[in-house]
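Engineer: pasting the structure only:
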């Protein structure tokens, strides 16, 4: 398997850090300049155990259940592991301790300080100390000889010394490093190390190389270097087998050598950002080919499968000549007896493998397949596998490691290799932090915050309201050990688990009550546990492990009770709405299979969502579920995707924000506490390196903007499309409130419609500019009647007559649809008289004359429209115009001339276009001939002047002006 580098994650605040594994490799232990020691089950552990040891922790070491830390108060402290209980002070110095390390057997601890001194202390009896003096500057690092005979040290005085522990004398010394006056000014912290086992070699990082000195002779044996190393090396670490040596540089690079061949086998660049952070901690896993490392930014990383990419050695050539029985060694006898021996594994690290979901055939079955064969049979696949097994002979300590490479044989038992079931997500309360924390948030929502304190000094609940006019802050004893809570503007709801003596209880404090008795408690039936609770307007609800939902009034009256199709995950309430998320089945390949029910518990009870599937991002789980402040259902998954119910599209779910886009690091998250649609705000708390915030100091709330995942949002078209549909989605709640009789802000709705129509008109203008007339018609279909008329004007002034004609037909259709919709309520004649949407019906001739001074026919039609409608009440606008034109032609030429003169308004000089619009009569023919003769004499062109640039600008400004 090729080596792999997992993304780094936040571990501590910026500053020096250190890292080590426990004896079994099941935990990673780090310390940093924040004074905390953190115990990580694996790199993806979002809730590591934290032990505060002081203001700053410079170094840590772990052996035999004892955790040693070098703290900023000039002491070396002991804590029990993994409990983290203080176990005293091992020793003291006059200045900071820069490095601590255990001896091989864990009986001694060596510590080097900035006061130039080194101390070796017995762990069981701190009074037994040995002090080593000789360095002339702060001590940088220490390393015990595996045989506990020598102690190596590096110092800011530029020297590396080897001490005889028994005599407390300096055996040898080399001047290898650049001198400096303090650790902070050192080019390298020079973390040297002895080769495990025999201690034959001492590895010292010297500038850009690692120099190895031979034991006893103290001669420089050889040097390890690589072209990828461009900055000084900071720290070196040996693999437990002593075959590999890793080194980390000050510019964020890690290099691994095979010491026997002196070849570089791995190179890693762990630069998390553009700035290069120095590697200051390296530790090999005690069993596996993994390296944990930390940098000066406080980040933690992990390298896996170190050395697996090495080229096969020469032994492979002779592998075919090996006998078939050579594949078995003494450790394989148990297999021959039918007893499978599982290889050593790390369940903590295995959970994080990319192929963790794959099912592996038990090794015992592979061996039985060989034994079950006939005596004369020969497994060709097994013989071919021997070559790959022998290639790994040097890397494996026994034959078990190689057996995993054997291919399945024809007699192998069949096994399931399909997708694996996903463990079901446990129930949780939205806005709460994990229950096992001593100080935690029970709920944080748009109403207030409920904190729980459960330590040796106090077991209580603090309730704080964002708006103190709702209620004052409250302090409650937590004698029943409540673990769940919800908060509304009229009540506080608490729930606790059952014990051997007490049943699971639901406790409500109705502070909005007008009587004196404001609290009530309900005991659940035997063996029924409350798993989720929520509050609404005038009601409370709880879901239990009996797959029941119990509804109560806020005063304590039991109401409806109904069954859930599966175990509850979470629930939320807002007003009359109740939303419940539950497991509707078993998910596979890391996916959860969740369903959602949404119902209204008002007087007209109804169910909106009937157990519909709840969409989640692949391989994610639910982390928050609730309602916006305006009452729209929302939820957030573990990948940071916020989804909202789109009531305008058949109650579907639409992603409205991706909080991961706002995170700086891979392991940073945003903890959602509230969603607002007007204004559009996502209120959440940034959590660096964690999924939830601590209670102290009080977290700061950040406001994120919403963004729908539309395509090409970097273009002008994509941006306006995203803004339009986001405005539509985030104002759907107004239609819901209006339909259900709730009050809402009419001005806000009008502003939203105005914003949406402005965006549509801008998109229309952009499409006209790009000559996308079909797209213009599609956009006009989304416009209101008034804005369609505006689009017709814009198209006409842009000389897109075909487009204007189609838009006019659309305007007539929209008016007809509007009339049909209102026809059931009002008489058609009343609708025409009260209609606020005038229709623009365009013919070709009318388009040519659009937006010029009114003609005589137009003025005549305005005055005679009422008469036409009186005679023909069933005519639409287009038919009214046609009827008016026929009646206008029936007028005498003198009458028509009078209307023409009225339209001219006494003007003497008319344009040629005005004369074109006149219908020729017998009297007008003479005038027309005279005008044409004058035009010919003066060479005046009849063509209309094209619009100049300033006119176009004015028309564009007019088109975008709100009607």
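Structural biologist: That came through, no problem. As the structure is a computational prediction, the values presented were derived from the model and not from experiment.
Engineer: now do the helix or strand hosting residue 795: which elements does it pack against?
Structural biologist: In the assignment (DSSP states H and E), residue 795 maps to helix 785-797. Helices and strands touching helix 785-797, by 3 or more CB pairs under 8 Å, 6 or more residues apart in numbering; DSSP states H and E, are helix 746-769, helix 773-780, helix 801-822, helix 949-959. For every residue, glycine as well, the C-beta is placed using N, CA and C.
Engineer: now it: buried residues?
Structural biologist: By neighbour count on 16 or more other CB atoms under 10 Å, the buried set for helix 785-797 is 785, 787-797.
Engineer: try stretch 192-206
Structural biologist: Quick answer for stretch 192-206 (16+ other CB under 10 Å): 192-196, 199-206.
Engineer: need the strands for the stretch 101-250 of the chain, in chain order.
Structural biologist: For the stretch 101-250 of the chain, the strands defined by DSSP state E, counting those that start in this stretch occupy 108-113, 118-122, 129-132, 139-144, 150-155, 159-164, 169-175, 193-194, 201-206, 209-214, 220-224, 233-238, 244-249.
Engineer: now do the fourth one: everything it contacts.
Structural biologist: So that's strand 139-144. Outside of strand 139-144, the residues within contact range by CB atoms under 8 Å, 6 or more residues apart in numbering are 98-104, 108, 110-114, 116-118, 151-156, 183, 186, 188-194, 202.
Engineer: is it true that residue 440 touches residue 429?
Structural biologist: No. Applying CB atoms under 8 Å, one finds residue 440 not in contact with residue 429, separated by 10.7 Å.
Engineer: more neighbours, those two?
Structural biologist: Taking other CB atoms under 10 Å, residue 440 and residue 429 do not tie; residue 429 has more neighbours (25 against 19).
Engineer: now that one: how far from residue 542?
Structural biologist: To residue 542, residue 429 is 11 Å away according to CB to CB, to the nearest Å.
Engineer: please list all residues in contact with residue 816.
Structural biologist: With CB under 8 Å, 6+ apart, residue 816 has these contacts: residue 876.
Engineer: need the per-residue pLDDT for it.
Structural biologist: We have a pLDDT of 80 for residue 816.
Engineer: before we move on, the earlier item: so which of the helices and strands packed on helix 785-797 gets nearest residue 638?
Structural biologist: For residue 638, the closest of the helices and strands packed on helix 785-797 is helix 746-769, at 32.3 Å, according to CB to CB.
Engineer: between that closest one and helix 773-780, how many degrees?
Structural biologist: 170 degrees (axes from the mean of the first three to the mean of the last three CA atoms, to 10 degrees).
Engineer: thinking again about what came up before, and the helices and strands packed on helix 785-797 as JSON lines, adding distance to residue 416?
Structural biologist: Output for the helices and strands packed on helix 785-797, formatted as JSON lines (distance: least, CB to CB, whole Å):
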{"stretch": "helix 746-769", "distance to residue 416": "53"}
{"stretch": "helix 773-780", "distance to residue 416": "51"}
{"stretch": "helix 801-822", "distance to residue 416": "58"}
{"stretch": "helix 949-959", "distance to residue 416": "66"}
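Engineer: lowest-confidence stretch among those?
Structural biologist: helix 949-959 (a mean of 47).
Engineer: one step back: tell me which of the strands of the stretch 101-250 of the chain sits nearest to residue 516.
Structural biologist: Here strand 108-113 is closest among the strands of the stretch 101-250 of the chain (CB to CB), at 64.1 Å.
Engineer: overlap of the contact sets of residue 429 and residue 542?
Structural biologist: 532-533.
Engineer: straight-line length of stretch 706-714, end to end?
Structural biologist: 16 Å (CA to CA, to the nearest Å).
Engineer: so how far is it off the chain centroid?
Structural biologist: With CA atoms, centre = their mean, to the nearest Å as the basis, stretch 706-714 stands 17 Å off its chain's centre.
Engineer: quick one: mean pLDDT over that stretch.
Structural biologist: 95.
Engineer: how about stretch 472-480?
Structural biologist: The model assigns stretch 472-480 a mean pLDDT of 92.
Engineer: do stretch 132-152 as well
Structural biologist: Per-residue scores along stretch 132-152 average to 93.
Engineer: buried set for that stretch?
Structural biologist: For stretch 132-152, by 16+ other CB under 10 Å, it's 132, 134-135, 137-146, 148, 150-152.
Engineer: local confidence estimate at the closest residue to residue 699 other than its chain neighbours?
Structural biologist: Nearest residue to residue 699 in three dimensions, chain neighbours excluded: residue 693, at 4.0 Å (CB to CB, 6 or more residues apart in numbering). We have a pLDDT of 92 for residue 693.
Engineer: surely residue 693 meets residue 684?
Structural biologist: No. Residue 693 lies out of contact with residue 684 (CB under 8 Å); the separation is 9.9 Å.
Engineer: before we move on, back to that, from residue 437, how far out is the residue nearest to residue 699?
Structural biologist: Distance from residue 693 to residue 437, by CB to CB: 11 Å.
Engineer: who has more neighbours, those two?
Structural biologist: Per other CB under 10 Å, whichever of residue 693 and residue 437 has more neighbours is residue 693, with 22 against 15.
Engineer: now do the contacts for that one.
Structural biologist: Counting by CB under 8 Å, 6+ apart, residue 693 has contacts 433, 441, 671, 685, 687, 699.
Engineer: what two of these are the furthest from one another?
Structural biologist: Using CB to CB, the contacts of residue 693 span at most 12.0 Å, a distance reached by 441 and 687.
Engineer: more neighbours, those two?
Structural biologist: residue 441 (24 against 19).
Engineer: I'd like the next helix or strand past the host helix or strand of that one.
Structural biologist: Assigned by DSSP H and E, residue 441 falls within strand 439-444. Of the helices and strands lying after strand 439-444 in sequence (DSSP H and E), the nearest is strand 448-454.
Engineer: tell me which residues are up against the helix or strand that that next one is followed by.
Structural biologist: Sequence-wise, the next helix or strand downstream of strand 448-454 (DSSP H and E) is strand 459-465. Outside strand 459-465, the residues that touch it by CB under 8 Å, 6+ apart are 442, 447-453, 471-479, 481-482, 485, 487, 492, 494.
Engineer: tilt between strand 459-465 and strand 448-454?
Structural biologist: Going by the same axes, to 10 degrees, strand 459-465 makes 170 degrees with strand 448-454.
Engineer: residue contacts, residue 504?
Structural biologist: Contact analysis of residue 504 by CB under 8 Å, 6+ apart lists 495-498, 523-524, 528-530, 544.
Engineer: and of the residues you listed, the nearest to residue 304?
Structural biologist: residue 497 (39.3 Å).
Engineer: OK, contacts around the closest one?
Structural biologist: 481, 483, 504, 529-530.
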